[in-house]
Every structure is written in C-alpha cells, then in structure tokens.
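Asker: sequence? don't have it. structure:
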C-alpha cells in the first residue's frame, strides 16, 4: 500500500483541535504517503492551520461537521443524536471508502456503538474489544485487551479476544506463535471467576492458540506473555492504574530539580535520573497511546481523551500500522479456521 488516508475526529477529546490539529501536521511530516481528513468545525480548524506548512497542507482536507459528542454523554443517547457529529462523520468516511481508518479521542461508548453499527463486526465476533500494545521490561511488547469496550465478557468473548490478540501479535509485532494468557487473581486453575475458568478450558483445548495459563496483575510489564486477555472492566482499571504509577514515577525523576545539594550529590542524582529515564522512559503512556477496536470490519483507533500532541500522534501511527498490515482481514481469516462454523 502506498497512499493511506485516515479520517480524524478533530473535535473529540478533552482538548479537541488544540491537540488533534498539530498532531495531524506532525504525523503528515513523518509519513509522506499519509493523507488526512480532518473532521470538525471548519472555522476552528482553518484558523489553527493558518501557519501550517503548505506542502503538508496539500495532503490534508477539512471535512465539515455540525456538532461534537460530549465526553460525558450516555452512549445510547449520543448515538441517537449523532448525525452531523465529528465522530459520526469520520466513521461515515470510512464506511464509504473515502478513508481507510478512523482515529478519535471522543466518547468511548459512543465510538464503540457507532463503529459497530456503521462498520459492522467480523463474523464470529460478538463485540469488538479495545486493544493496546504495551512495552515490557524485556524490551518487548505485550498486547492487552479488552480495555473497556465491554464491561462484562463471557467465556466465549474472552476466547474471541485471545484469537484477535494473537493475530495482532503475529501480524504487527512479528511474534511467531505468541504466548496467550488470561489476567486473573492467581495462577492456580481453581482461581478466578467462572467465565475466566471456562475460557481457560477452551483455550487449553485450542491447538491454534499457544495458551500458557493465568497471569496476575503484577506481571503485566514483565514480558511473561505476548497477549494478555481480560474483560473491559478489569482491563480499563489495570491499564489506568499502571499508567498512573508510571507517570508518578517519571515525574519523581524531575521533582528534585532546583534543590540545593552538595555538588557530588547533584551530579550523582543527575546521572541516576538519566539512567532511570533511559531504562524506563519507554513505559511513558504517551508513547503507546491509542487503543484499536479489534473485531470490526474496518480499523478504528480510540485515543485517550486527555492525550497530548505526542500521544495523539502515537494513535495516528497505530491506525496507519493496522491498515498497512491489513489487520481486520487477517483476523477474519483466522476466525474462519479457529471458531466453530456455527459461530
């Protein structure tokens, strides 16, 4: 694939165009084959693009939208009143084939519902799952899903998540026969909710899945598995807890700046902080922002609502990667071989 076009919900998120527009320009500068459709209020977007590089501006088009779905709106109500909104227009561009994927930092429930309604789920998938790729301490990557698209997931859905996560690990991360684990409160087979134990039984009997058992929350970043599966409630709490701890840790590396100390203590402190930042800086949540909605017929990426410019660029890059690796098509092909025909 050469040219790639993404539809950007420029009005979504806590900061809207103040973040999405400069992030869009940064993404265009990084990829000469990328074209963007910025969806939102034309006057607001035009003013923010007034000083943009003219060469980059040629690969960007503003698509008008009349409204914005509020971040705190109830999903069902937001979907009913979504016509003309920046999120819905962006998804319509994907549905109509004018864009290859959609990126939004808007209301998660509304994005999930609208995407499933407008783009449809793959055969064999009950509900799509939000997936992200986390760095681990072994300098590798771990696929984590679901991150909040489905608060309650039965055993069949957890198995579907495992299949989709394994395809993601193989096709995008180039991991041969990726290890798949279920997030649980213990490693013993008798531990956890019935849905988790039932899913474990199915995965153990599936030769196509390299299932390795249960992992606990404290092993999230250890690199012990390539794919970690859980329901959306647990996944969302786990991810945000981890991100909060990482942000506090990284901020502590800067908190001692300006304090008067002996020269050798200051030098030692700077060297230590430099080593720690180099060792753990890759865990900064801004570098892996963006959760892909796996299980849809097209690619949709959900950015954190409070994403910075750097973080929103990461979400755009994730959408590019998913499209170029034809992730929905590859997941569909795997489902054909793994799931029973009755599904």
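Answerer: Alright, I've got the coordinates. Quick caveat, the model's predicted, so the values are computed rather than measured. Numbering: from 1, shown residues only.

Asker: could you point out the helix or strand that follows the host helix or strand of residue 170?
Answerer: Taking DSSP states H and E as the criterion, residue 170 maps to helix 155-171. The C-terminal neighbour of helix 155-171 among helices and strands, as given by DSSP H and E, is strand 179-183.

Asker: quick one: the helix holding residue 170 to strand 179-183, angle?
Answerer: Put simply, helix 155-171 runs at 140 degrees to strand 179-183, going by axes from the mean of the first three to the mean of the last three C-alpha atoms, to 10 degrees.

Asker: and helix 155-171, how far out from the chain's middle?
Answerer: Relative to its parent chain, helix 155-171 has a centroid offset of 15 Å by C-alpha atoms, centre = their mean, to the nearest Å.

Asker: residue nearest the middle of this protein, spatially speaking?
Answerer: residue 291 (1.1 Å; C-alpha atoms, centre = their mean).

Asker: partners of that residue in the sheet?
Answerer: Following DSSP bridges, residue 291 is listed with bridge partners residue 302.

Asker: isn't residue 128 up against residue 297?
Answerer: No: checked against C-beta atoms under 8 Å, the pair residue 128 and residue 297 is beyond contact range at 9.9 Å. Every residue, glycine included, has its C-beta placed from N, CA and C.

Asker: who's more crowded, the two?
Answerer: Neighbour totals were compared for residue 128 and residue 297, and residue 128 leads with 26 against 20 (other C-beta atoms under 10 Å).

Asker: wait, what's in contact with the more buried one?
Answerer: Residues in contact with residue 128 (C-beta atoms under 8 Å, 6 or more residues apart in numbering) are 112, 115, 116, 121, 149, 293, 294, 295, 296.

Asker: which residue, other than its chain neighbours, is closest to the first one?
Answerer: Leaving out its chain neighbours, the residue that sits closest to residue 112 by C-beta to C-beta, 6 or more residues apart in numbering is residue 149, at 5.0 Å.

Asker: roughly how far does residue 179 sit from residue 201?
Answerer: Going from residue 179 to residue 201 by C-beta to C-beta, to the nearest Å gives 18 Å.

Asker: who has more neighbours, these two?
Answerer: Using other C-beta under 10 Å as the criterion, residue 179 and residue 201 rank with residue 179 on top: 20 against 13.

Asker: circling back to that earlier point, and the helix holding residue 170, what other elements does it pack with?
Answerer: Other helices and strands packing on helix 155-171, by 3 or more C-beta pairs under 8 Å, 6 or more residues apart in numbering; DSSP states H and E, are strand 129-135, strand 141-145, strand 179-183, helix 194-204, strand 227-229, strand 291-294, helix 327-338.

Asker: distance to residue 89 and mean pLDDT for these - can I get that in JSON lines?
Answerer: Shown next, in JSON lines, are the helices and strands packed on helix 155-171 (distance: least, C-beta to C-beta, whole Å; pLDDT from 0 to 100):
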{"stretch": "strand 129-135", "distance to residue 89": "22", "mean pLDDT": "90"}
{"stretch": "strand 141-145", "distance to residue 89": "27", "mean pLDDT": "93"}
{"stretch": "strand 179-183", "distance to residue 89": "36", "mean pLDDT": "97"}
{"stretch": "helix 194-204", "distance to residue 89": "37", "mean pLDDT": "95"}
{"stretch": "strand 227-229", "distance to residue 89": "33", "mean pLDDT": "97"}
{"stretch": "strand 291-294", "distance to residue 89": "18", "mean pLDDT": "93"}
{"stretch": "helix 327-338", "distance to residue 89": "21", "mean pLDDT": "87"}
